[in-house]
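Visitor: kindly return the folded structure for what I paste below:
(chains A and B)
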Amino acid sequence: MSTVSVSVAFEKARAEGRSALIGYLPAGFPTVPGAIDAIKAMIDNGVDIVEVGLPYSDPVMDGPVIQRATEAALAGGFRVADGLRTVEAVAAAGAPILVMTYWNLVERYGVERFSADLAAAGGAGLITPDLIPDESGPWLEASDAHDLDRVFLVSPSSTDARIAMTAGRCRGFVYATSVMGVTGARSSTSTAAPALVERIRAASKAADQHVPVAVGLGVSNGDQAAEVGAFADGVIVGSALVRCLQDAATPAEGVAAIAALSADLAEGVRRR
Amino acid sequence: MNAFLSAAGLLPDQSGHFGTFGGRFVPEALIAALDGLDAAYRHAQADEAFQAEFGRLLRDYANTPSPLYRADRLSAHAGARVFLKREDLNHTGAHKVRNVLGQALLTKRMGKPRVIAETGAGQHGVASATACALLDLECVVYMGEEDTRRQALNVARMRMLGATVVPVTTGSKTLKDAINEALRDWVTNVDTTHYLLGTAAGPHPFPAMVRDFVSGISVEARRQILEQTGRLPDAVAACVGGGSNAIGAFHAFVPDESVALYGFEAGGDGVETGRHAASITGGSTGVLHGARTYLLQDEDGQTIESHSISAGLDYPAVGPEHAYLHDTGRASYEPVTDAEAMAAFKLLCRVEGIIPAIESAHAVAGALRVIPKLAADLGREPVVVICLSGRGDKDMDTARDFFGV
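Guide: Just a heads-up that it's a prediction; the model follows:
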């Protein structure tokens, strides 16, 4: 099992008067062991919560950086079982591990069986970018049965009613996509994000729920992390971390770059 | 009744499910747009002015109702009374014009200035570019890089019609990746943009809406066959890729239990070879491009590339209503190989003087195969309607290579 749960990680950050840092890397890139080393480097350098992405053939929510990485992982023979092995290998490294996956991989594996195997591997739960709560009956049941977190996404285009419904189904945190678009680093963070975070908090408060709100899509450095951390409970970074591995000449250099960026981001969320 | 009102539209349910199929497996960012589209479509269905304009364009611009042609020489060959629904005579050469006119009118109604579309061989791209030129909409077409090379003529057509063609270089660089790229564009530009999906697949409301827009095929054919023969057909046959011409050809006949419905999938080199595009007969259930349906996937749920000589059928999934009609047994789906389709392609050229789209040739080949059994079951010569969904001018390079002419 994970040494810490997602909610404990958020509580710890809150107690320190800062937002939590959430880092994404895909399993299997550049290799299965290479991704494990990179994830450990994130955790060792201040990432509070890890998202392990499962490479998928049709990643409609991902921009070019993550697409290239997951295509390479699949070309290298990545299997879903490798994703679960990756979770198992990093589960004891000091941060809760969520799996981020397109839904068909879970549906094919079997929702109940995937949930059981994820829990057994020490995973904390799932982030599901193309599964809305409306379609998630079997996952709601399986996540309850196996005590797994379930993170759904909300968007600036979501109505208040959908925000309330979606936040009500989330456990762990609510994933606020700060811009309309796909994953990828952006030079400036979104102006829509603070308003969206406020709308989610208002909806949660009305329902007497206090699930944390994390903001993703576009954060790439410590300055942006500080900016987003000022209004959100969690800051999610993905493409910028993946790019560290892509731009490196050797796996060791990639891991070093991950460590440096993680430290910069961790400093960002601690900045006053 | 207006052609696009559904003749038997009890399904899908409110949230877009055909039994366990369909639904919405998309990012939350698209839900508001899909809800908006659904609402606009429902209003348009009830709006006489919209229907009048759609009807006028279908009649005067698209050249519908298309004829139902009694094909005597093909009938003699087949051992049945065969009628061809001549969608190949529509403007732009296929049934697809019905769908693009409907969706482009809806786009105007929603006040969106920009349309995006995906295309494989380019037929839906050309149709979309046509409707956008007609209705003064910006048009961006995503097309796999491989396909832009193979179908250079259609790329030129789209550009002449004022569309921007964007070659897609990600993934397998084919139709499914063009759809992925269109979905990414839509997530990013959804406020100003309508995604003019080319088939009766994808998230709700697309499968029902596209079906309704193309259901004129069966509404017309049902009326025409009654006028010409005084009776309903024994069977209706259509090819199935994503499945829009087939669902359009089936829809009005679904309540007529005496009418057998046959969908012919692209069997490629043969389903047993693994090189095919037969999602129902050679695939399994899962989620792709926004809906639960039958698709080609590996053990892990990764999409497998499809193979067909016909670019229009070369897609690794199928519209969710076909999945439902298959599971309920209301329609029968069978694969037709490349070789069988090309034999039927040549036959239709020689006995009727009609060069069909290779897609449509799958329907002809499948019908020829099932007619003897139908005749045996009925104890008489069956009456069969085949949807000739498009014309074959676009396929001449393929035919020339295949037959060495």
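
Visitor: mind giving me the packing neighbours of whichever helix or strand A:L196 is part of?
Guide: Using DSSP states H and E, A:L196 falls within helix A:192-206. Applying 3 or more C-beta pairs under 8 Å, 6 or more residues apart in numbering or on different chains; DSSP states H and E, we find helix A:192-206 packed against helix A:160-169, strand A:174-177, strand A:213-216. Any C-beta I mention is one placed from the backbone N, CA and C, and that applies to glycine too.

Visitor: next to chain B, which bits of the stretch 51-200 of chain A? Give me the list.
Guide: A:56-61, A:63-64, A:67, A:71, A:74, A:79-80, A:103-109, A:129-132, A:134-135, A:152-159, A:162, A:166, A:177, A:180-182 (C-beta under 8 Å from any C-beta of the partner chain).

Visitor: looking at chain A, which helix or strand is least sure?
Guide: Lowest by mean pLDDT, DSSP states H and E among the helices and strands of chain A is helix A:192-206, with a mean of 91.

Visitor: buried residues in that helix, which are they?
Guide: A:A192, A:A193, A:P194, A:L196, A:V197, A:R199, A:I200, A:R201, A:A203, A:S204 (16 or more other C-beta atoms under 10 Å in any protein chain shown).

Visitor: for the first one, give its distance to B:D191.
Guide: Okay, so that is A:A192. Here A:A192 is placed at a distance of 12 Å from B:D191 (C-beta to C-beta, to the nearest Å).

Visitor: show me what contacts the closest residue to chain A within the stretch 201-350 of chain B?
Guide: Going by C-beta to the nearest C-beta, chain A is nearest to B:G301 of the stretch 201-350 of chain B, at 3.0 Å. By C-beta atoms under 8 Å, 6 or more residues apart in numbering or on different chains, the residues touching B:G301 are A:Y56, A:V80, A:N104, A:L105, A:V106, A:E107, A:R108, A:Y109, B:G286.

Visitor: gap between it and A:S19?
Guide: 34 Å.

Visitor: next one: B:G392
Guide: The gap separating B:G392 from A:S19 is 61 Å, by C-beta to C-beta.

Visitor: compare the two (neighbour count), which wins?
Guide: A:S19 (27 against 22; other C-beta atoms under 10 Å in any protein chain shown).

Visitor: can you tell me the residue of chain A closest to chain B?
Guide: Taking C-beta to the nearest C-beta, chain A has A:R108 as its residue nearest chain B, at 3.0 Å.

Visitor: what sits against that residue?
Guide: By C-beta under 8 Å, 6+ apart, the neighbours of A:R108 are B:G286, B:Q297, B:E299, B:D300, B:G301.

Visitor: what helix or strand is the nearest residue to B:L57 once chain neighbours are set aside on?
Guide: Take B:L57 and drop its neighbours on the chain: the residue closest to it by C-beta to C-beta, 6 or more residues apart in numbering or on different chains is B:L101, 5.0 Å away. Using DSSP H and E, B:L101 sits within helix B:96-109.

Visitor: chain center to that helix: distance?
Guide: 15 Å (C-alpha atoms, centre = their mean, to the nearest Å).

Visitor: C-terminal to it, what's the next element?
Guide: strand B:114-119.

Visitor: what's downstream of that following strand, the next helix or strand?
Guide: Strand B:114-119 is succeeded, C-terminally, by helix B:123-135 (DSSP H and E).

Visitor: following that following helix, which helix or strand comes up?
Guide: Assignment by DSSP H and E places the next element after helix B:123-135 at strand B:138-144.

Visitor: and that next one, what does it pack onto?
Guide: Going by 3+ C-beta pairs under 8 Å, 6+ apart, strand B:138-144 lies up against strand B:114-119, helix B:123-135, helix B:152-160, strand B:164-168, helix B:175-189.

Visitor: relative to it, what are the paired strands and their orientations?
Guide: Next to strand B:138-144 in the sheet, as set by DSSP bridges, lie strand B:114-119 (parallel), strand B:164-168 (parallel).

Visitor: so what's the residue count around the closest residue to A:R162 other than its chain neighbours?
Guide: Leaving aside its chain neighbours, A:R162 sits nearest to B:I31 (6.5 Å; criterion: C-beta to C-beta, 6+ apart). By other C-beta under 10 Å, 21 other residues sit near B:I31.

Visitor: gap between B:I31 and A:Y56?
Guide: For B:I31 relative to A:Y56 (C-beta to C-beta), the value is 20 Å.

Visitor: cool, and A:A248?
Guide: Using C-beta to C-beta, A:A248 is found at 24 Å from A:Y56.

Visitor: distance-wise, check the nearest residue to B:H204 once chain neighbours are set aside relative to A:R162.
Guide: Distances taken as C-beta to C-beta, 6+ apart place B:G16 nearest to B:H204, at 2.3 Å, with adjacent residues excluded. For B:G16, the distance to A:R162 (C-beta to C-beta) stands at 16 Å.
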